[in-house]
Structures are given as structure tokens and as C-alpha cells.
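K.L.:
below are the sequence and a predicted model for it; my questions follow.
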Amino acid sequence: LTISPFIASLPKAELHVHIEGTLQPSLRWKLAQRNNIPLRFKSQEYHTYEQLLDSYKVTYNHRPELGGPKDVPTFLEAYFAGCEVLLQEDDFYELGMDYLARCQQMKVCYAEPFFDIQAHTRRGVPAESVLNGYLRAQRDGAAKYGVRSNWIFCFIRDEPVEDGEAAYLKALPWGKSGHGLFHAVGLASNAYERPPSLFKRAFERARADGHHITMHCDFGQKDTHEHIRQAIYEVQTERIDHGLDALDREELIQGLIERNIGLTLCPHAYHRRTATEVLFPKFRQLLDRGVKFCINSDDPVYMHNVWIDGNMEKAYHYGGLSKKEMVQLARNAVDMSWADEALKRDMY
Ligand code: ES4
Ligand code: ZN
């Protein structure tokens, strides 16, 4: 699917992208050389750049926890393997700058990237290196590319809650009332038997510090409806990342509408493992029901290099949405964002 001039030229805001999921193979290769890290993933080792490139062609839609094959790597394993080349502050800076440069090209004027501190500290990388690297990228990206960003700290939900709380406290000086790198807190990684309510206290602490709150309720996850219910009614989230399964339950649809909770959707992430005729009518349904949502990219490098423009093109093309509706979705992203009011007016 090629990107139409209409989608390419539409000013955009991106609210659901994992910065580590934007690590392109070229930068991964470069950092592996610079840091003298072998490029390996499970039993495979990549000796040439071509071998590395080939490794991105697969679709990681296996669900071992749902009875799928156990010996096949999962999407998240590939994502965390990619992270291994990130060691120095400059590595995180280059990753951030690379993404923000691409934003400028795609006419993304504002972004709220997620970052995973624990994915790096558990490999022995100091939290300061990660946070200062991203902070410099936030500042230089705005100055050099004109792309403003407010970042989102993510708890790794399949690690112990206390580890997430400790990582949060460590990162707090880079939060909203400190350096201002992040202004919100999210919940990412493998949701299997890790419902949002486990993190209720952690989110309440973050809220008390003035941070906004969002959390992943992945599409087609086990217990997905219960996770969405907890996110809305127990943890009182302000947004939900994915959350498309809410359409199955009237109680959840009503909760989203009443509380003005928007969904950050990533069409290609679902399209990898869902038939077109099953998936895309859901976008029309959401519009008809008045559930607010916007279109985003998730982990573009690990999802066939489909970025926010490609995701919007998919919604436009397969969802049969009008140009007017696409403009509305781009506006929804501004509405749902946590940019300050002056910047929101600017983007609107
Ligand atoms: C993620 Cl696709 C996905 N789901 C949950 N957590 C994530 N972190 C990065 N990508
Ligand atoms: Zn995500």
C-alpha cells in the first residue's frame, strides 16, 4: 500500500510509539559495531548486514501462552533483543534523534513516545544514560527538526511491580516537575496474567506527582475485556493504548464515552494477525458509536516498517474512511494529547 499525497501532507501527532521499536537495522548495526556487541537473537547470530535485514521480514504473531508453538520467538523477544546494542547515553540520543528526524519527514509535528527504562537497567545500563540521552533528543529534536515531544515512562508489566516502582522513583527527576522529559506513565510488555489493577498503587503515585496515565490493553489478549474494565473503572486511566476489544461490550463502550477515554490504535499491528474484513469495520463502528480514537504506529521497525503514515493509509483505504474523517482522526490525536494548551491550539 503506497502512501497517498493526502495522508503524507496531513499534519499529524503520534501518541503510541515505542521508541525502542523505532530502532532501525542500520542504526542497530552501527551501534553493534561501536559497542562491540554481537548481533544475536536466540540461537541465531547475524554476521552480515543482509542477514540482519532478513530477520525483520517475519511476522511475530505466535502466542505460546495461547497454545501456539513454544520454540518460535515472540514479537517482544525480538524487540528486547534489538535493545541490546543500546548502552551509552549517545546511543539513546541517536535513537531519539533518528525517530524525531523521521517525524519531520512524515509531517508528525508532535509525538509522545513510550520508553522502557527497565529494558535497559536490567542489562546493567544506568538509568541516567537512558534518561539523559532521550532528554537531549527531546531538546535537540525540537530545535533542529521542529518536532515537539512529551515522553511516557512505561512500567514493564511482566516484571515485579516493586521493580517498576523503583524504576519510576529513579526516573522521577526527569518527570513533569523536573527536567520535563516525561509527563505521563504507561504500562507495556507482555500482558499475560498481568492485569492493570496490579499496578493501581504505582499509577496512583504517578498521578499524585502530576503525571498523566495510560495503559496497554492489547487487541485479542487473554482477559482483554477484564483488563479494559480495570483500566477504566479501577485504575481510572485517561487513555487506553489499543483497547479495540471494548467494542464487544456495551459497558466498556459506555465507560469510554462517559469518561472521555480515547483509544490509541495501531491498525497494522492488528492487521498482521487479523483478516481485513474482520478488522477494518471496527474503525467504522467506533466512529458510529462516538468512541474517540487516533491512529498510530506502535513498533514500526518490528512491524514491516509501517510507520504512522502507513497506518493512516490503511485506515483510509481498508476502513473506507473519508478525507474528512481522516482529518478528524488527526485532530483527535491533538485533543487526546497531553501537549500544553498553547501547543494544542497551534496544532489544531
Ligand atoms: C509492545 Cl506490541 C507491544 N505490546 C506491548 N508492549 C510493547 N512494548 C513494545 N511493543
Ligand atoms: Zn504499544
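P.N.:
That came through fine. Ligands and ions are numbered 1, 2, ... in the order given.
K.L.:
hey, let's count contacts and neighbours off CA atoms from now on
P.N.:
OK.
K.L.:
the closest residue to ligand 1 within the chain and residue 115: what is the separation?
P.N.:
With CA to the nearest ligand atom as the measure, residue 189 is the residue of the chain nearest to ligand 1, at 3.3 Å. To residue 115, residue 189 is 11 Å away according to CA to CA, to the nearest Å.
K.L.:
so if I had to pick from these two, which one is more boxed in?
P.N.:
The neighbour comparison of residue 189 against residue 115 (other CA atoms under 10 Å) goes to residue 115, with 26 against 19.
K.L.:
pretty sure that one sits against residue 18.
P.N.:
Yes - here residue 115 reaches residue 18: they are 6.1 Å apart, a contact under CA atoms under 8 Å.
K.L.:
check contacts around the closest residue to residue 266 other than its chain neighbours.
P.N.:
Spatial nearest neighbour of residue 266, chain neighbours left out: residue 296 (4.9 Å); criterion: CA to CA, 6 or more residues apart in numbering. Residue 296 makes contact with 14, 15, 16, 17, 264, 265, 266, 267, 307, 308, 311, 312, according to CA atoms under 8 Å, 6 or more residues apart in numbering.
K.L.:
and which of those is nearest to residue 177?
P.N.:
Of all these, residue 15 has the smallest distance to residue 177: 20.9 Å, by CA to CA.
K.L.:
for the residue of the chain closest to ligand 1, what are its contacts?
P.N.:
By CA under 8 Å, 6+ apart, the neighbours of residue 189 are 76, 156, 157, 158.
K.L.:
show me what counts as buried in stretch 328-336.
P.N.:
329, 330, 331, 332, 333, 334, 335, 336 (16 or more other CA atoms under 10 Å).
K.L.:
right, I mislabeled it, should have said stretch 335-346
P.N.:
Residues of stretch 335-346 classed as buried by neighbour count (16+ other CA under 10 Å): 335, 336, 337, 338, 339, 344.
K.L.:
what's around residue 44, how many residues?
P.N.:
10.
K.L.:
show the backbone phi and psi for it.
P.N.:
Dihedral angles of residue 44 (phi, psi; degrees, to the nearest 10) stand at phi -90, psi 150.
K.L.:
the nearest residue to residue 150 once chain neighbours are set aside: how many residues sit nearby?
P.N.:
With sequence-adjacent residues excluded and distances taken as CA to CA, 6+ apart, residue 150 is closest to residue 112, at 5.0 Å. Residue 112: 23 surrounding residues under other CA under 10 Å.
K.L.:
what parts of the chain come near ligand 1?
P.N.:
Contact residues (CA under 6 Å from any ligand atom) of the chain with ligand 1: 18, 188, 189, 190, 299.
K.L.:
any low-confidence regions in this protein?
P.N.:
60-73 (pLDDT under 70).
K.L.:
can you tell me which residues contact the residue of the chain positioned farthest from its centre?
P.N.:
No residue in the chain sits farther from the centre than residue 47, which is 29.6 Å out by CA atoms, centre = their mean. Applying CA under 8 Å, 6+ apart to residue 47 gives the contacts residue 39.
K.L.:
now do the buried residues in the helix or strand hosting residue 288.
P.N.:
Residue 288 is part of helix 281-289, with elements assigned from DSSP states H and E. Neighbour-count burial for helix 281-289 flags 283, 284, 286 (criterion: 16+ other CA under 10 Å).
K.L.:
same thing with stretch 105-117?
P.N.:
106, 107, 108, 109, 110, 111, 112, 113, 114, 115, 116, 117.
K.L.:
skipping adjacent residues, who's closest to residue 263 in space?
P.N.:
In space, residue 263 comes closest to residue 293 once its chain neighbours are excluded; the distance is 4.5 Å by CA to CA, 6+ apart.
K.L.:
distance of that neighbour from residue 97?
P.N.:
In terms of CA to CA, residue 293 sits 27 Å off from residue 97.
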